[in-house]
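> okay, sequence plus prediction incoming.
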Amino acid sequence: MVDFIRPLFSLGQCVATPGALAALEEARQTPADFLNRHVHGDWGTIDPADKGMNEQAIHDGARIFSVYVTAKGVKLWVITEADRASTCILLPDEY
């Protein structure tokens, strides 16, 4: 039996920048690899203060921000907007 964990919030429309898509392709990873972590509260390599802000954002509707590193060592950001209308995967220099 598989135990599915309920998502913590809505991702809305999911999009990715060209740079993020190229990094994912190079690492042979998919956007779902990181979106799944993000929506289940694995915020990646952010500092403790930002983790606390994300935990609060689940309840008060603020923006949610995660930082991950691909298998090839490229840093990715995943940002879900406060209104939960969209989530974007991007490289930090594409912000």
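Looks like it arrived, so ask away.

> OK, contacts around the residue nearest in space to the middle of the chain?
With distances taken as CA atoms, centre = their mean, V78 lies nearest the centre of the chain, 3.2 Å away. By CB atoms under 8 Å, 6 or more residues apart in numbering, the residues touching V78 are F34, L35, H38, G44, F65, S66, V67, Y68, T87, C88, I89. To be clear about C-beta, it is placed using only N, CA and C from the backbone, and glycine gets the same treatment.

> pretty sure the third one belongs to a strand, no?
No. Note on H38: no strand contains this position according to DSSP: H, G, I helix; E, B strand; the rest coil, which reports helix.

> what about it, how many residues close to it?
Using other CB atoms under 10 Å, the number of residues around H38 comes to 25.

> elements contacting the longest helix anywhere in the chain?
Using DSSP state H to define each element, the chain has its longest helix at helix 48-60. In terms of contacts (3 or more CB pairs under 8 Å, 6 or more residues apart in numbering; DSSP states H and E), helix 48-60 is packed against strand 64-69.

> could I have the strand it packs on exported to CSV, CA atoms only?
In CSV, the C-alpha atoms belonging to strand 64-69 read as follows (Å, rounded to 0.1, in the frame of the first residue of the first chain):
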residue,chain,number,x,y,z
ILE,A,64,6.8,30.4,-0.7
PHE,A,65,10.4,30.1,-1.7
SER,A,66,12.7,27.0,-2.0
VAL,A,67,16.3,26.6,-3.2
TYR,A,68,17.5,23.3,-4.7
VAL,A,69,20.7,22.1,-6.5
